[in-house]
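Visitor: Any chance you could fold what I've pasted below:
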Amino acid sequence: QVQLVESGGGLVQVGGSLRLSCAASGFTFSSYAMSWYRQAPGNERELVARIYAAEGSVYYLHSLEGRFTISRDNRKNTVYLQMNSLKPGDTAVYYCNVVLGRDAYWGQGTQVTVSS
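Guide: You can find the predicted model right below:
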């Protein structure tokens, strides 16, 4: 079965960095786009970044202003989100996502808290 396991979240001060990881299994990882979403309390879940399969092209939430970088390692079936210059507004639960046909799969989420 499809499994997505996030790690790397935590508490960090304003301006700090974190790298999130999502280990995937149960599907052909290299063939699918992978995404990171986040959800802050009281807010809807929003797409943060996506990396496509074949050409490796990427999409980012515009408001990130270049602070985050998504990457993937197809040998390790893992997608990463490098987050720099973190702000209090980045505080949220971050989720890994893959869409296989009509089905969307989510990890359990990892909490990122940015303190001022």
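Visitor: okay, CA-based contacts and neighbour counts for the rest of this
Guide: Noted.
Visitor: Can you tell me the element the residue nearest the centre of the chain falls in?
Guide: By CA atoms, centre = their mean, the chain has its centre lying nearest to Trp36, at 2.8 Å. For Trp36, the enclosing helix or strand under DSSP states H and E is strand 34-39.
Visitor: Kindly export that strand (C-alpha atoms) in CSV.
Guide: Provided in CSV are the C-alpha atoms of strand 34-39 (Å, rounded to 0.1, in the frame of the first residue of the first chain):
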residue,chain,number,x,y,z
MET,A,34,5.3,14.9,-5.4
SER,A,35,4.0,17.8,-3.4
TRP,A,36,4.3,19.5,-0.1
TYR,A,37,1.2,21.2,1.5
ARG,A,38,0.8,23.0,4.8
GLN,A,39,-2.1,23.7,7.1
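Visitor: What helices and strands are in contact with that strand?
Guide: Applying 3 or more CA pairs under 8 Å, 6 or more residues apart in numbering; DSSP states H and E, one finds that strand 34-39 makes contact with strand 46-51, strand 92-100.
Visitor: Show me where this structure has its strands.
Guide: Along the chain, counting by DSSP state E, strands occupy 3-7, 10-13, 18-25, 34-39, 46-51, 58-60, 68-73, 78-83, 92-100, 103-106, 110-115.
Visitor: Which positions within the second one qualify as buried?
Guide: To tie it back to what came earlier, the one meant is strand 10-13. Val12 (16 or more other CA atoms under 10 Å).
Visitor: neighbours around His62, how many?
Guide: Applying other CA atoms under 10 Å, we find 9 residues neighbouring His62.
Visitor: Now do stretch 61-71: everything it contacts.
Guide: Residues outside stretch 61-71 that contact it (CA atoms under 8 Å, 6 or more residues apart in numbering): 47-51, 58, 79-86.
Visitor: circling back to that earlier point, need the strands of the chain in a markdown table with mean pLDDT, can you?
Guide: Output for these, formatted as a markdown table (pLDDT from 0 to 100):
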| stretch | mean pLDDT |
| --- | --- |
| strand 3-7 | 98 |
| strand 10-13 | 98 |
| strand 18-25 | 98 |
| strand 34-39 | 98 |
| strand 46-51 | 97 |
| strand 58-60 | 93 |
| strand 68-73 | 96 |
| strand 78-83 | 98 |
| strand 92-100 | 98 |
| strand 103-106 | 98 |
| strand 110-115 | 98 |
